[in-house]
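Novice: coordinates for the following, if possible.
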Amino acid sequence: QVDLAESGGGFVQSGGSLRLSCEATGAIFNIRPMGWYRQAPGKQREWIASMSAGLTPSGGTSYADSVKGRFTVSRDNAKNIVYLQMTALKPEDTAVYYCNVPPKMPLNPVDLWGKGTQVTVSS
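Specialist: Okay, the predicted model is just below:
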């Protein structure tokens, strides 16, 4: 089974930028779609971005309205890493950020999640 691990979170001032990474322990992003989610304190986990499976660094992306134009997903299949470049950060972006590879029945029934990385944006 492939494991996912997020990194790159931290503390940043409003208007700043961060780049999150989602590293897989095996080749997966070229054959399975993935998503980025976040969960703010006291709120439900929400979807923010997705990338379809493929070989190109930046193809097949979609974004939630709340992050569109500010966040960009890209991937490096050689390194088994997907990135979430976050710019123009706002205090409301404060959350734990997770990457996810959803199950693909019937051969891959496991819903893969990382443990998350904390992003804190100060005003």
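Novice: how close does F29 sit to S74?
Specialist: Going from F29 to S74 by CB to CB, to the nearest Å gives 10 Å. (Glycine included, C-beta is placed from N, CA and C.)
Novice: revised request: answer the last question for W36.
Specialist: Using CB to CB, one gets 12 Å for the distance from W36 to S74.
Novice: looking at these two, which has the bigger crowd around it?
Specialist: Ranked by neighbour count (other CB atoms under 10 Å), W36 and S74 place W36 first, with 25 against 16.
Novice: find the nearest non-adjacent residue to that one, please.
Specialist: Closest residue to W36 apart from its sequence neighbours, by CB to CB, 6 or more residues apart in numbering: A49 at 4.4 Å.
Novice: would you double-check that that neighbour falls in a strand?
Specialist: Yes. Using DSSP: H, G, I helix; E, B strand; the rest coil, the assignment for A49 is a strand.
Novice: which helix or strand contains V96?
Specialist: strand 95-101 (DSSP states H and E).
Novice: beyond that strand, next helix or strand please.
Specialist: Using DSSP H and E, the first helix or strand after strand 95-101 is strand 112-113.
Novice: what helices or strands is that next one leaning on?
Specialist: strand 95-101 (3 or more CB pairs under 8 Å, 6 or more residues apart in numbering; DSSP states H and E).
Novice: okay, strands next: where are they in the protein?
Specialist: 4-7, 10-13, 18-24, 34-39, 46-51, 61-63, 71-76, 81-86, 95-101, 112-113, 117-122 (DSSP state E).
Novice: list of residues touching the fifth one?
Specialist: Read that as strand 46-51. 29, 33-39, 59-64, 66-67, 71, 73-75, 82, 84 (CB atoms under 8 Å, 6 or more residues apart in numbering).
Novice: any quick ChimeraX command for the buried ones out of those residues?
Specialist: Here is the ChimeraX command that selects the buried residues among the contacts of strand 46-51 (16 or more other CB atoms under 10 Å):
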select :29,33,34,35,36,37,38,63,67,71,73,74,75,82,84
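Novice: can you redo the strands of the chain as a markdown table with mean pLDDT?
Specialist: Output for the strands of the chain, formatted as a markdown table (pLDDT from 0 to 100):
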| stretch | mean pLDDT |
| --- | --- |
| strand 4-7 | 98 |
| strand 10-13 | 98 |
| strand 18-24 | 98 |
| strand 34-39 | 97 |
| strand 46-51 | 97 |
| strand 61-63 | 96 |
| strand 71-76 | 96 |
| strand 81-86 | 97 |
| strand 95-101 | 98 |
| strand 112-113 | 96 |
| strand 117-122 | 98 |
